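Chemist: Attaching a predicted model along with its sequence, questions to come.
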Amino acid sequence: MSMTARRRLRDIYLLTDFEKAVRRYLPKAVFEYVRNGAGSEISLRRNRAIFERFLWRPYRLRDVSACAAEITLFGERYAQPFGFAPTGGAAMTRYDADRIEAAAAQRHGLFYALSANSLTPLEDIIRVNPRAWFAAYLPSDRGVIDGMIDRVSHAGYTVFLVTCDVPVPAQRIPETRAGYAMPIRPNLRATLGGLRRPGWTLGTLGRTILRDGNPRIVNIRPQGGPGLFSREIASVGGSPCFTWDHIRHIRARWRGKLVLKGIMRPEDAREAAAIGVDGIVVSDHGARLLDTTVAPLEILREIRHASGSMTVMVDSGFRTGGDVLKAMALGADAVMIGRPFLQACALAGAAGLDRAVSILRTEILRDLGLLGISRLEALDMTLLKDLHEVGFAQMAPDTV
Ligand SMILES: Cc1cc2nc3c(=O)[nH]c(=O)nc-3n(C[C@H](O)[C@H](O)[C@H](O)COP(=O)(O)O)c2cc1C
């Protein structure tokens with residue numbers, strides 16, 4: 001570990017510490033792009049507060065000398081029940097962040113999803129991490145969809161994740177105020193922000209421009225994608241007329257595992273299962289789209305029940321090992337982590353990610369022991385008290 005990484009990681013004990021620490025090293029526009037949420041950030045706060053609704057009821061006097069936290073997803077074994085959510089723009093937080101994150105997931109035996117909004121060709125990422133998943137933003141044009149499926153399949157990916165929750169572009173005020181915009185346009189605030197963070201300006205922006213010229217989001221379309229400084233970048237992303245018909249079309253063409261990300265209603269989970277989708281991610285996109293949605297954690301059980309044999313993952317606001325275990329007790333098969341991994345990578349690259357993974361892994365194993373269970377399969381609702389349960393106060397004391 002470099003001296004710089006050692007110094008920057010000195011006070012990092014929790015996943016939430018990364019956000020505080022990285023503020024000092026990223027320009028405000030980039031810091032806010034990662035941190036902020038939509039609207040008044042009510043959902044952003046709720047995604048954290050909701051963990052106070054479900055409280056543990058641990059077992060006692062059980063042998064927990066051999067706790068294990070491995071899981072199987074889509075036929076693959078993973079070392080932990082958490083992995084990397086797809087995060088676009090990762091390479092704006094640190095030079096080559098896509099590769100650094102893909103490699104960290106591979107090193108630690110975690111699942112990793114590459115966002116279509118990335119600067120590193122998907123063909124290169126799968127060489128770094130042969131089990132990587134691909135997370136697409138698709139238009140409604142079936143020719144483009146087919147081209148994308150063929151490209152991803154040809155590269156060797158076996159899990160195709162379709163992000164379903166961005167039919168129209170979202171707006172986030174803090175990043176806009178700080179000068180963040182796509183395409184990147186020199187503006188006073190962003191320029192001042194960059195001048196205040198010369199390490200980032202030279203080490204991330206400068207190096208990326210030196211390597212790529214106008215860095216392109218190369219994985220958004222079959223033939224590549226527009227540059228970060230090009231006007232066309234504003235028009236790529238989700239599509240307002242991308243619907244369930246397109247999912248049926250994708251299901252017919254894509255032979256591997258198909259995952260829909262952003263599901264927030266039981267009937268949508270049922271529809272996905274009926275189409276033959278293999279997995280869903282219950283997610284409000286980390287509260288970055290529609291403000292005042294329900295928190296994914298509080299609708300997880302309902303959606304799990306509607307999902308049949310599909311794999312059910314969840315994300316948005318997970319920051320501790322205990323959070324991950326609560327989701328599993330409510331029926332999730334795995335949890336995706338977004339911002340903390342980006343912030344850890346921005347702060348200290350591979351060493352930052354090693355620290356983040358180690359924190360979560362240690363918390364999970366410790367909490368399993370403290371809960372009195374040694375296997376994830378033993379996690380269920382009886383371990384949790386749901387403070388919103390109707391009639392809870394009237395229940396007999398021995399069941400409370
Ligand atoms: C900076 C940033 C970029 C993101 N880009 C994408 C993306 O390209 N595709 C996608 O499906 N989700 C994207 N997400 C959402 C994440 O996959 C995930 O749902 C969310 O970050 C989880 O919440 P958390 O950050 O609280 O862990 C992004 C999130 C962040 C913070």
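Modeler: Yep, that arrived.
Chemist: can we go C-alpha only for contacts and neighbour counts from here?
Modeler: OK.
Chemist: Which helix runs longest in the chain?
Modeler: helix 339-371 (DSSP state H).
Chemist: elements contacting that helix?
Modeler: helix 3-8, helix 15-22, helix 28-35, helix 97-108, helix 321-329 (3 or more Cα pairs under 8 Å, 6 or more residues apart in numbering; DSSP states H and E).
Chemist: Please work out the average pLDDT along the third one.
Modeler: Model confidence over helix 28-35 averages 97 on the pLDDT scale.
Chemist: same thing with the last one?
Modeler: With pLDDT averaged residue by residue, helix 321-329 scores 98.
Chemist: Now look at that helix and say if it contacts the ligand.
Modeler: No. Helix 321-329 stays clear of the ligand (Cα under 6 Å from any ligand atom), getting no nearer than 11.0 Å.
Chemist: any residue of the following helix or strand past that helix up close to the ligand?
Modeler: Downstream of helix 321-329, the first helix or strand assigned by DSSP states H and E is strand 334-337. Yes. Contact of strand 334-337 with the ligand is found when judged by Cα under 6 Å from any ligand atom, involving residue 337.
Chemist: interface residues of the stretch 301-400 of the chain facing the ligand?
Modeler: 315, 316, 317, 318, 337, 338, 339.
Chemist: hmm, try it at 8 Å
Modeler: For the stretch 301-400 of the chain, the contact set with the ligand under Cα under 8 Å from any ligand atom comprises 315, 316, 317, 318, 319, 336, 337, 338, 339, 340, 342.
Chemist: helices and strands of this structure: which one has the lowest mean pLDDT?
Modeler: For the chain, counting by mean pLDDT, DSSP states H and E, helix 188-196 ranks last in confidence among helices and strands (a mean of 90).
Chemist: picking up where we left off before, and the helices and strands packed on helix 339-371 as a markdown table, adding mean neighbour count?
Modeler: A markdown table is the format used below for the helices and strands packed on helix 339-371 (neighbours: other Cα atoms under 10 Å):
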| stretch | mean neighbour count |
| --- | --- |
| helix 3-8 | 12 |
| helix 15-22 | 19 |
| helix 28-35 | 22 |
| helix 97-108 | 22 |
| helix 321-329 | 23 |
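Chemist: The longest strand that the chain contains pairs with which strands?
Modeler: Among the elements of type strand in the chain, defined by DSSP state E, the one spanning the most residues is strand 257-263. If you go by DSSP bridges, strand 257-263 pairs up with strand 159-163 (parallel), strand 279-282 (parallel).
Chemist: I would like the residues contacting the longest one, please.
Modeler: Strand 159-163 is touched from outside by 132-138, 152, 254, 256-262, with contacts defined as Cα atoms under 8 Å, 6 or more residues apart in numbering.
Chemist: With stretch 187-196 instead?
Modeler: 27, 28, 29, 178, 179, 180, 200, 201.
Chemist: can you check stretch 18-34 too?
Modeler: 8, 12, 35, 92-93, 174-176, 178-180, 190, 193-194, 196-197, 199-200, 339-340, 342-344, 346-347.
Chemist: Kindly report the same for stretch 243-259.
Modeler: In contact with stretch 243-259 (Cα under 8 Å, 6+ apart) are residues 74, 140, 142, 145-146, 149, 153, 158-162, 275-281.
Chemist: buried stuff in that stretch?
Modeler: Within stretch 243-259, the residues that count as buried by 16 or more other Cα atoms under 10 Å are 246, 247, 250, 251, 254, 257, 258, 259.
Chemist: and what of stretch 48-63?
Modeler: 48, 50, 51, 54.
Chemist: what do you get for stretch 213-223?
Modeler: Applying 16+ other Cα under 10 Å to stretch 213-223 flags 215, 216, 217, 218, 219, 220, 221, 222 as buried.
Chemist: I'd like these written out as JSON lines, with pLDDT, secondary structure and distance to residue 167 added.
Modeler: Output for those, formatted as JSON lines (pLDDT from 0 to 100; DSSP: H, G, I helix; E, B strand; the rest coil; distance: Cα to Cα, whole Å):
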{"residue": "215", "pLDDT": "93", "secondary structure": "coil", "distance to residue 167": "25"}
{"residue": "216", "pLDDT": "95", "secondary structure": "strand", "distance to residue 167": "22"}
{"residue": "217", "pLDDT": "95", "secondary structure": "coil", "distance to residue 167": "19"}
{"residue": "218", "pLDDT": "96", "secondary structure": "coil", "distance to residue 167": "21"}
{"residue": "219", "pLDDT": "97", "secondary structure": "coil", "distance to residue 167": "19"}
{"residue": "220", "pLDDT": "96", "secondary structure": "coil", "distance to residue 167": "15"}
{"residue": "221", "pLDDT": "95", "secondary structure": "strand", "distance to residue 167": "17"}
{"residue": "222", "pLDDT": "96", "secondary structure": "coil", "distance to residue 167": "20"}
